[in-house]
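1. fold the following and give me the result.
(4 chains)
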Protein chains: 2
Amino acid sequence: MDEVDLIIAQWAKQRPELNTRPMALIGRLMRVSHVLAAEMGKTFAKHNMNGPSFDVLATLLRTGPPHALSPNDLLATMMITSGTMTNRIDRLEQAGLVKRIQNQNDKRSVLIALTEQGKTLIEKTVTAHVETQEKLVSPLTDEEQATFNKLLIKYLSANENV
Amino acid sequence: MDEVDLIIAQWAKQRPELNTRPMALIGRLMRVSHVLAAEMGKTFAKHNMNGPSFDVLATLLRTGPPHALSPNDLLATMMITSGTMTNRIDRLEQAGLVKRIQNQNDKRSVLIALTEQGKTLIEKTVTAHVETQEKLVSPLTDEEQATFNKLLIKYLSANENV
DNA sequence: CTATTTTATCTTGATGTCAAGATAAATGAA
DNA sequence: TTCATTTATCTTGACATCAAGATAAAATAG
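-> Have a look, this model is predicted:
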């Protein structure tokens, strides 16, 4: 009997015709994602950053040298709007973690590159982040994790066009 | 081969020592929650509201008559701060969907009650929302949904104290 | 070659959120 | 009783986000 069960019991009483099965599944999934985001956020905070900053810096790092991408390339992997990307880059630039470099071939575009300071910071943070993720999935057995992952893959592949 | 696989392939190349298994699972789960929130948001928008407003109005509705709770009671079921609650109530009050009623027994506290307009709106919206949720879980079979739900329950119960 | 369309980035204004603290009322300890 | 503590709500300031549109440069159509 968790929070979600209580909510469902209330609906059963007030609106017994409602199909609460989907609600149970979706409600729990949203709760788990909230918990995960909060826990991962603690690791980011220890390294003076937050989730949005981490996403950008980690994307630049895993791209490999020279650790530079256009805002549009960065956008492609994150589910955010262009205005949000501009804002993220602004903050990171203010913090000295990335720099904007004019692209001479296409003057509409810029390259966002990790600074030395940014590279050092994100390398350390990624290591800590992976440790946090290991802790976060550890309540489930390897087999359960594999099952979970398969379900998510199936779900996402069914929703490519959503 | 989805987005997450691409990210993992990049890490494998740049930082082969990283354990990317947890990242795959958590990354996909965060993506699914993002997709679900966006899809449910469309239903809310059709009824002139959004997720936060829906949460408050639906909580008041499923409590049953007289459809009134204190901000603190409302907080208990949602994972938000008191300042966020104040803000949500302000917007709903401006929209005429709830009203604040002074509690004469405890003058620190108020009751947030559905207005007639708010009750009519949330009753319709809940029906549409449940239909949306049914559609959203339908890519998975009943058995897969049950497995998924069990995994989430196990995970949440292991994290009660997180 | 010029005009139109497309692309890449940024700007603006509105919301939603949190952390930290303010305020006011109720509770509890001495 | 009186003062300190706790509780309930709200306020403030800082960010993150989006939708819509502005701007400038590149690509394309005729």
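
2. use CA for all of it now, contacts and neighbours both
-> Fine.

3. interface residues of chain A facing DNA strand D?
-> Within reach of DNA strand D by CA under 7 Å from any atom of the strand, chain A has these residues: A:50, A:52-53, A:79-85, A:87-88, A:91, A:105-108.

4. do that again at 10 Å, thanks
-> A:49-56, A:75, A:78-92, A:103-109 (CA under 10 Å from any atom of the strand).

5. just checking, next helix/strand downstream of the strand or helix carrying residue A:58?
-> For residue A:58, the element it lies in under DSSP states H and E is helix A:51-62. Under the assignment DSSP H and E, the closest C-terminal helix or strand after helix A:51-62 is strand A:68-69.

6. thinking again about what came up before, which of the residues of chain A next to DNA strand D are buried, as a ChimeraX select command?
-> Buried members of these, defined by 16 or more other CA atoms under 10 Å in any protein chain shown, are picked up in ChimeraX with:
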select /A:49,51,52,53,54,55,56,75,85,88,89,92
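
7. domains of chain A?
-> A:1-46, A:49-154 (automatic domain parsing).

8. ends of the longest one, what's the gap?
-> Translated: domain A:49-154. 33 Å (CA to CA, to the nearest Å).

9. can it be said to contact DNA strand C?
-> Yes - counting by CA under 10 Å from any atom of the strand, DNA strand C has neighbours in domain A:49-154: A:69-76, A:81-90, A:100-103, A:106-112.

10. now, those that are in helices?
-> A:71-76, A:82-90 (DSSP state H).

11. which of the residues you listed scores worst on pLDDT?
-> Here the lowest pLDDT out of those sits on residue A:76, with 87.

12. can you tell me how far that residue sits from residue B:43?
-> Distance from residue A:76 to residue B:43, by CA to CA: 26 Å.

13. tell me which of those two has more neighbours.
-> Neighbours of residue A:76 and residue B:43, each counted by other CA atoms under 10 Å in any protein chain shown, are more numerous for residue B:43; the result is 21 against 11.

14. state the pLDDT value of that one.
-> Value for residue B:43, per-residue pLDDT: 93.

15. so who does it touch?
-> B:125, B:128-129, B:132 (CA atoms under 8 Å, 6 or more residues apart in numbering or on different chains).

16. how does it look with 7 Å?
-> When contacts are counted by CA atoms under 7 Å, 6 or more residues apart in numbering or on different chains, residue B:43 is found next to B:128-129.

17. distance of it from residue B:136?
-> For residue B:43 relative to residue B:136 (CA to CA), the value is 12 Å.

18. next: residue A:19.
-> 13 Å.

19. identify the contacts common to those two.
-> Joint contacts of residue A:19 and residue B:136 (CA under 7 Å, 6+ apart) do not exist.

20. circling back: run the contact check for the helix holding residue A:58 versus chain B.
-> Yes - using CA under 7 Å from any CA of the partner chain, we find that helix A:51-62 touches chain B at residue A:62.

21. could you give the average pLDDT over that helix?
-> In this model, helix A:51-62 has a mean pLDDT of 96.

22. show me which residues of chain A sit near chain B.
-> Taking CA under 7 Å from any CA, the part of chain A that reaches chain B is made up of A:10-11, A:14, A:19, A:22-23, A:25, A:28-30, A:32-33, A:62-64, A:130, A:133-134, A:137, A:139-140, A:148-149, A:152, A:155-156, A:158.

23. show me the residues you listed that map onto helices.
-> A:10-11, A:14, A:22-23, A:25, A:28-30, A:32-33, A:62, A:130, A:133-134, A:137, A:148-149, A:152, A:155-156, A:158.
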